[in-house]
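*Asks:* Provide a 3D model corresponding to the input given below.
(2 chains)
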Protein chains: 2
Amino acid sequence: MTESPKFVTAAMLAIGDELLSGRTKDRNIAYLADFLTLSGIDLREVRIVPDNHNEIVAAVNALRTRYYYLFTSGGIGPTHDDITADAIADAFNVPIDYDPRAISVLEKHYKAREIVFTPARKRMTRLPQGAELIDNRVSAAPGFRIGNVFVLAGVPSIFQAMLESIAPRLETGEIMQSVTIDCDLPEGAIGTQLADIQQRYPDTVIGSYPRFDGEHYSVQIVIRGHDLAAINNTRKTIEAMLDALIGK
Amino acid sequence: MTESPKFVTAAMLAIGDELLSGRTKDRNIAYLADFLTLSGIDLREVRIVPDNHNEIVAAVNALRTRYYYLFTSGGIGPTHDDITADAIADAFNVPIDYDPRAISVLEKHYKAREIVFTPARKRMTRLPQGAELIDNRVSAAPGFRIGNVFVLAGVPSIFQAMLESIAPRLETGEIMQSVTIDCDLPEGAIGTQLADIQQRYPDTVIGSYPRFDGEHYSVQIVIRGHDLAAINNTRKTIEAMLDALIGK
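*Replies:* Numbers count the residues shown, from 1 in each chain, chains lettered A, B, ... in the order given. Alright, predicted model coming up:
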């Protein structure tokens, strides 16, 4: 008896007015998408919300109850517009307070660098009750995990460092395999045939991604699934269909 | 008596498995964010969902009822994984069928280019009842508007062309003004002072955006609001605070 494949789902919540105003171009969503896909975790939904307490609370609760993991980015720095930790505490309905472990990490870090541990910096040690610290080898101020929610920084280098430090602890599922077929025909010339093949090969998911270089249309056909043999079957059938179309 | 400023809100829904798997890096969210901010429309929320009928329907209904406008990207091409039009029809609870206006646009376009009007291409003329066409000067296949929802293509050049064609028809509010102060101090050194200024100047919103170049931390302080005089007041106060801190 073989075990059925294990699926681990996730959502991401990117937090920050600057992402919605266009001031900052988010780089964490694409990074997390790659990271999770390579880890065998299925990213199912992403939301971007502003620095607004109620919006953050509502989105955190909607996503953490629906998916296995939730990753957030942004809003855990030392300034007044960093309100993520308070919103997370509210979403989990737990108190928030200065955390001795986080204070100790930052005291050591700042002392070694002769940086003043200002009240603003101390603000970064406020954590919801029950949170575990997430290491930050870039700037020391920790992220945290509470329940199934990982609360990470918005600065991309720090976001990535925090992901790296939680990676070994994440449960992962079977990695989604994929093959890509580059096709010089436009989507409109292959759509019907592709739909027919998708129906006949339900064990794989066929995606069709059009490209336009300003003059010509082409398409990348991506076949995804958990079983390499099934993917290969679908691939051969699509390749035969394309050969027939171009009269090979 | 002066009229109160008019606010027009919007949300965006980006649709596509490829955005969540990391295969495609979305470029439409950042583009729309800039476009709306410059138009005086306030982008309040973004979601990314997969090519899944029920997920699209649920997200469309959540967002269209909550914001003045909803813009969607992706899923309106000629292949089997293009399911946005059907989901929109379902969300609005209206039938969907081949639209004579869309057929006429594409017939003309393909005839002039000696392209076969395949059943797959014809699929792109299926529109929810009551939809208005959105011009597409890049590849002709139209987007559409139904109610307060604008349904646009996912290919960035086409997404942008469609936005351009609807721009004159959009209601817009007062444009959000902003000034940016570049500050070489790290956030931790100014956070408390900045929070105090934010409290004293509630007519403007102060954002603090940290940067890290691998060695040094700096911050961009952005002051936003609808009243330039108020923005200038806040700016002067922040500049005086920074001068005092660095001992000028």
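
*Asks:* got the phi/psi numbers for residue A:148?
*Replies:* phi -100, psi 20 (degrees, to the nearest 10).

*Asks:* For it, give its distance to chain B.
*Replies:* Residue A:148 sits 18 Å away from chain B, going by Cβ to the nearest Cβ, to the nearest Å. Every residue, glycine included, has its C-beta placed from N, CA and C.

*Asks:* Kindly state the pLDDT recorded for that residue?
*Replies:* According to the prediction, residue A:148 has pLDDT 98.

*Asks:* now do the one 5 residues further on
*Replies:* Predicted confidence (pLDDT) for residue A:153: 97.

*Asks:* Hmm, it is touching residue A:71, no?
*Replies:* No. Distance between residue A:153 and residue A:71: 11.4 Å, which falls outside the contact criterion (Cβ atoms under 8 Å).

*Asks:* For the residue most central in space within chain A, pull up the helix or strand it's in.
*Replies:* The centre of chain A sits closest to residue A:32, judged by Cα atoms, centre = their mean, with a distance of 3.5 Å. With secondary structure defined by DSSP states H and E, residue A:32 is part of helix A:28-39.

*Asks:* try residue A:199
*Replies:* Using DSSP H and E, the element containing residue A:199 is helix A:187-200.

*Asks:* Lowest average confidence across helices and strands of chain A, where is it?
*Replies:* The helix or strand of chain A with the lowest confidence, counting by mean pLDDT, DSSP states H and E, is strand A:205-212 at a mean of 91.

*Asks:* where along chain A do the strands fall?
*Replies:* Using DSSP state E, the strands of chain A run over residues A:8-15, A:41-49, A:69-73, A:96-98, A:126-128, A:132-134, A:143-146, A:149-152, A:177-183, A:205-212, A:217-225.

*Asks:* Please identify the deepest-packed of these.
*Replies:* Looking across these with neighbours counted as mean count of other Cβ atoms under 10 Å in any protein chain shown, the highest average goes to strand A:69-73: a mean of 28.

*Asks:* what pairs with it, and is each one parallel or antiparallel?
*Replies:* Using DSSP bridges, the neighbouring strands of strand A:69-73 in the sheet come out as strand A:8-15 (parallel), strand A:149-152 (parallel).

*Asks:* thinking again about what came up before, would you mark the buried spots in the helix holding residue A:32?
*Replies:* A:28, A:29, A:31, A:32, A:33, A:35, A:36, A:37, A:39 (16 or more other Cβ atoms under 10 Å in any protein chain shown).

*Asks:* give the contact list for the third one.
*Replies:* Just to be clear, that refers to residue A:31. Residues counted as contacts of residue A:31 (Cβ atoms under 8 Å, 6 or more residues apart in numbering or on different chains) are A:156, A:159, A:160, A:163.

*Asks:* In this structure residue A:20 contacts residue B:34, no?
*Replies:* No. Contact criterion Cβ under 8 Å: residue A:20 and residue B:34 do not qualify, at 10.7 Å.

*Asks:* if we can go back for a sec, now a PyMOL select for only the buried ones of the contacts of residue A:31.
*Replies:* One line in PyMOL is enough to select the buried ones among the contacts of residue A:31; burial here means 16+ other Cβ under 10 Å:
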select buried, chain A and resi 159+160+163
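
*Asks:* which two from the contacts of residue A:31 end up farthest apart in space?
*Replies:* Distances among the contacts of residue A:31 were taken as Cβ to Cβ; the most separated pair is A:156 and A:163, at 10.4 Å.

*Asks:* before we move on, back to that, check the contacts of residue A:31 against chain B and report the nearest one.
*Replies:* Nearest to chain B, judged by Cβ to the nearest Cβ, of the contacts of residue A:31 is residue A:156 at 8.9 Å.

*Asks:* where in chain A is pLDDT low?
*Replies:* Under the criterion of pLDDT under 70, the regions of chain A flagged as low confidence span A:1-5.

*Asks:* can we see that at 80?
*Replies:* Along chain A, segments meeting pLDDT under 80 span A:1-6, A:214, A:248.

*Asks:* mind checking the longest helix of it?
*Replies:* Selection of the longest helix in chain A by residue count, based on DSSP state H, yields helix A:228-245.

*Asks:* Now do the least confident helix or strand of chain A: which elements does it pack against?
*Replies:* helix A:187-200, strand A:217-225, helix B:17-21 (3 or more Cβ pairs under 8 Å, 6 or more residues apart in numbering or on different chains; DSSP states H and E).

*Asks:* Include distance to residue B:124 when you put these into CSV, please.
*Replies:* Shown next, in CSV, are these (distance: least, Cβ to Cβ, whole Å):
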stretch, distance to residue B:124
helix A:187-200, 8
strand A:217-225, 13
helix B:17-21, 19
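
*Asks:* Which one of those lies nearest to residue A:110?
*Replies:* helix B:17-21 (38.7 Å).

*Asks:* quick one, phi psi at the closest residue to residue A:233 other than its chain neighbours?
*Replies:* The shortest distance from residue A:233 to any residue that is not its chain neighbour, by Cβ to Cβ, 6 or more residues apart in numbering or on different chains, is 6.6 Å, and that residue is residue A:201. When quoted as degrees, to the nearest 10, the phi and psi of residue A:201 stand at phi -120, psi 70.
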